[in-house]
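Peer 1: please find the sequence and the predicted model below.
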Amino acid sequence: QVQLVESGGGLVQAGGSLRLSCAASGGTFYAMGWFRQAPGKEREFVAAITRSGGNGAYADSVKGRFTISRDNTENTLYLQMNSLKPEDTAVYYCAASASFSRRALDFGYWGQGTQVTISS
């Protein structure tokens, strides 16, 4: 049974940093990614990475501020978020896929999400 469990969310001031973690179990995934959903908005792509870490992608809104990485020995996905802005406030979801994609519909497994709130 595949399980993805996020952690690391919280409340920080603008300009601060957070690191999200996603512990994966029950499967081996070619690609993993982070998505986020703010109140009243659709879920949007944040970042994705292949199993080898050799291929990564970021949304334009986070490029240069967020870094996605994974530790395959620990089956853990990370999202280092720096220079956080109030518009980064959202529930952040970890997801896993058999293919490298930016599309939520290509990710078959999802975590429950972790809340990130950035105060101005």
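Peer 2: Structure's in. What do you need?
Peer 1: got the end-to-end distance for stretch 59-77?
Peer 2: Terminal residues of stretch 59-77 lie 17 Å apart, using CA to CA, to the nearest Å.
Peer 1: same question for stretch 84-104.
Peer 2: Stretch 84-104: ends 23 Å apart by CA to CA.
Peer 1: quick one: mean pLDDT for it?
Peer 2: Averaged across stretch 84-104, the pLDDT comes to 96.
Peer 1: please identify the helix or strand for the spatially most central residue of the chain.
Peer 2: By CA atoms, centre = their mean, the mean C-alpha position of the chain lies nearest to W34, the distance being 2.4 Å. Per DSSP states H and E: W34 is located in strand 31-37.
Peer 1: counting by contacts, list what that strand packs against.
Peer 2: Contacts defined by 3 or more CB pairs under 8 Å, 6 or more residues apart in numbering; DSSP states H and E place strand 31-37 against strand 18-25, strand 44-50, strand 66-71, strand 76-81, strand 90-97. All C-beta spots, glycine's among them, are computed from the backbone N, C-alpha and C.
Peer 1: recalculate using a threshold of 6 Å.
Peer 2: strand 44-50, strand 90-97 (3 or more CB pairs under 6 Å, 6 or more residues apart in numbering; DSSP states H and E).
Peer 1: now do the buried residues in that strand.
Peer 2: 31-36 (16 or more other CB atoms under 10 Å).
Peer 1: quick one on the thing from earlier: among the helices and strands packed on strand 31-37, which is nearest G15?
Peer 2: For the helices and strands packed on strand 31-37, the distance to G15 is smallest for strand 90-97, at 17.4 Å, taking CB to CB.
Peer 1: and the angle for the closest one with strand 18-25?
Peer 2: Counting by axes from the mean of the first three to the mean of the last three CA atoms, to 10 degrees, strand 90-97 lies at 40 degrees to strand 18-25.
Peer 1: ok, and what's touching the strand holding W34?
Peer 2: With contact meaning CB atoms under 6 Å, 6 or more residues apart in numbering, strand 31-37 is reached by 43, 45-48, 50, 77, 79, 90-93, 95-97, 100, 104.
Peer 1: so where's this protein shaky on pLDDT?
Peer 2: Judged by pLDDT under 70, the chain has no weakly predicted residues.
Peer 1: alright, calling it a day.
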